[in-house]
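In: Predicted model follows, preceded by the sequence.
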2 protein chains.
Amino acid sequence: MLSIGDLSKRTGVKVPTIRYYEQMGLISSPERTDGNQRRYGRGDLERLAFIRHGRDLGLTIEAIKELISLSQHPERPCVGADRIAREHLDDVRGKIARLKKLEHELERIVSHCDGHSIEDCYVIRSLSDHGLCEEEH
Amino acid sequence: MLSIGDLSKRTGVKVPTIRYYEQMGLISSPERTDGNQRRYGRGDLERLAFIRHGRDLGLTIEAIKELISLSQHPERPCVGADRIAREHLDDVRGKIARLKKLEHELERIVSHCDGHSIEDCYVIRSLSDHGLCEEEH
DNA sequence: CATAAATCTATAGTCACTGGAGGAATTATA
DNA sequence: TATAATTCCTCCAGTGACTATAGATTTATG
């Protein structure tokens, strides 16, 4: 039986975050000691790792909740889980595309900066004048 | 003189957001009519475009505030502005790198999914078992 | 058994907005 | 000019995913 602190150390998930996940319904309310402290078992360790992994991959709490509920019905086809992952992949690709545009623009901006006065600072001028941008954003 | 609604239409920044920027000290309190309504001039239009542009580039409110304050002292060297942009560029690059790893992992996960039952669903299994990952994340 | 460390609940704060309530002011139409 | 429609005002609450604090209680250690 692990205390919340032990669970935290083992999973790398902070104590308040574990309580938050419980509140959000991602992990079920664990047993309590006579003194009302949470005690966790092996299953909670795995569940938390699952959640942590999903969050690291950028899945929302909602998506993870869906996946957990799917995983509790092992007989159903897994198209639901697949859909969640695919949608998320699209999302990630969109984000990458946007950030790359951004990277170009920022590169352009800092490369033009000569470290002289604000008056002719490209950073400031670029922000003031959209016309200096190479592409729409 | 533009009403807040006009300013909103011209800049694409929503009305409550304009008020929020005022509250955050990004734009100065505008003139008011006798009936206490805000009236904006040309300068506000430009300032708002500046803010919007910075936000589109992903700069925080704080960073934009710094840039505005820098731009109000045109005689100073622009190393401050340059630093803000550079730091942000590093940040963006880091994000891209992380998202790319993620993209690979998700690709691998969905490509392995055969649409059969949850029991052998790769999505669920991948989330449960870090060992199935190709790289650390 | 005394003290230190960990835990409990409840609440508020973070960021950058967004939305709604309830009421006042302005503008458009009849 | 009267009324209706629209816009505006302030204040407050909610978003997501935590993080932090305060004050009280429980557990572990010497």
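Out: Now that the structure is in, tell me what you want to look at.
In: Please identify which helix or strand holds the most centrally placed residue in chain A.
Out: Closest residue to the average C-alpha location of chain A: A:Gly58 at 3.4 Å, with CA atoms, centre = their mean. For A:Gly58, there is no enclosing helix or strand under DSSP states H and E.
In: next one: phi and psi at it?
Out: phi 90, psi 10 (degrees, to the nearest 10).
In: pretty sure A:Arg5 is touching A:Val15, no?
Out: Just to correct that, residue A:5 is Gly rather than Arg. Yes - assessed by CB atoms under 8 Å, A:Gly5 is found in contact with A:Val15 at 6.3 Å. Any C-beta I mention is one placed from the backbone N, CA and C, and that applies to glycine too.
In: Tell me the residues of chain A that contact DNA strand D?
Out: For chain A, the residues in contact with DNA strand D (CB under 7 Å from any atom of the strand) are A:3, A:14, A:16-17, A:20, A:33-37, A:55, A:60-62.
In: Run the angle between the helix or strand containing A:Asp82 and helix B:79-112 for me.
Out: Here A:Asp82 sits within helix A:79-112, counting by DSSP H and E. Angle of helix A:79-112 versus helix B:79-112, following axes from the mean of the first three to the mean of the last three CA atoms, to 10 degrees, is 150 degrees.
In: Of all the residues in helix A:79-112, which ones are buried?
Out: For helix A:79-112, the buried set under the neighbour-count rule, 16 or more other CB atoms under 10 Å in any protein chain shown, comprises A:80-82, A:84-86, A:88-89, A:92-93, A:95-96, A:99, A:102, A:105-106, A:109-110.
In: do stretch A:29-36 as well
Out: Buried residues in stretch A:29-36, counted by 16+ other CB under 10 Å: A:Pro30.
In: what sits up against it?
Out: Contacts to stretch A:29-36, defined as CB atoms under 8 Å, 6 or more residues apart in numbering or on different chains, come from residues A:Met1, A:Glu22, A:Arg38, A:Arg39, A:Tyr40, A:Gly41, A:Asp44.
In: Nearest to DNA strand D: which residue in chain A?
Out: Closest contact between chain A and DNA strand D, by CB to the nearest atom of the strand, is at A:Gly35 (2.0 Å).
In: Could you pick out the residues of chain A near DNA strand C for me?
Out: So chain A meets DNA strand C at A:Ser3, A:Ile4, A:Gly5, A:Asp6, A:Ser8, A:Val15, A:Pro16, A:Arg19, A:Asn36, A:Gln37, A:Arg38 (CB under 7 Å from any atom of the strand).
In: Give me the buried subset of those residues.
Out: Buried among the residues of chain A next to DNA strand C by 16+ other CB under 10 Å: A:Ile4, A:Ser8, A:Arg38.
In: Do you have the strands of chain A handy? List them.
Out: For chain A, strands defined by DSSP state E occupy the ranges A:31-32, A:38-39.
In: Identify the neighbouring strands of the last one in the sheet and state each direction.
Out: Right, the one you point to is strand A:38-39. Strand pairing for strand A:38-39, determined by DSSP bridges: strand A:31-32 (antiparallel).
In: and the partner strand, how far out from the chain's middle?
Out: 29 Å (CA atoms, centre = their mean, to the nearest Å).
In: do the same with stretch A:38-46
Out: Relative to where its chain is centred, stretch A:38-46 has its mean C-alpha point 23 Å off (CA atoms, centre = their mean).
In: Show me which positions of that stretch end up buried.
Out: A:Arg38, A:Tyr40, A:Asp44.
In: Who are the contact partners of the closest residue to A:Ile18 other than its chain neighbours?
Out: Computed as CB to CB, 6 or more residues apart in numbering or on different chains, the closest residue to A:Ile18 that is not its neighbour in sequence is A:Ile4, at 5.8 Å. Contacts for A:Ile4 were tallied using CB under 8 Å, 6+ apart; they are A:Val15, A:Ile18, A:Arg19, A:Gln37, A:Arg38, A:Tyr40.
In: which residues does the third one contact?
Out: To tie it back to what came earlier, the one meant is A:Arg19. A:Ile4.
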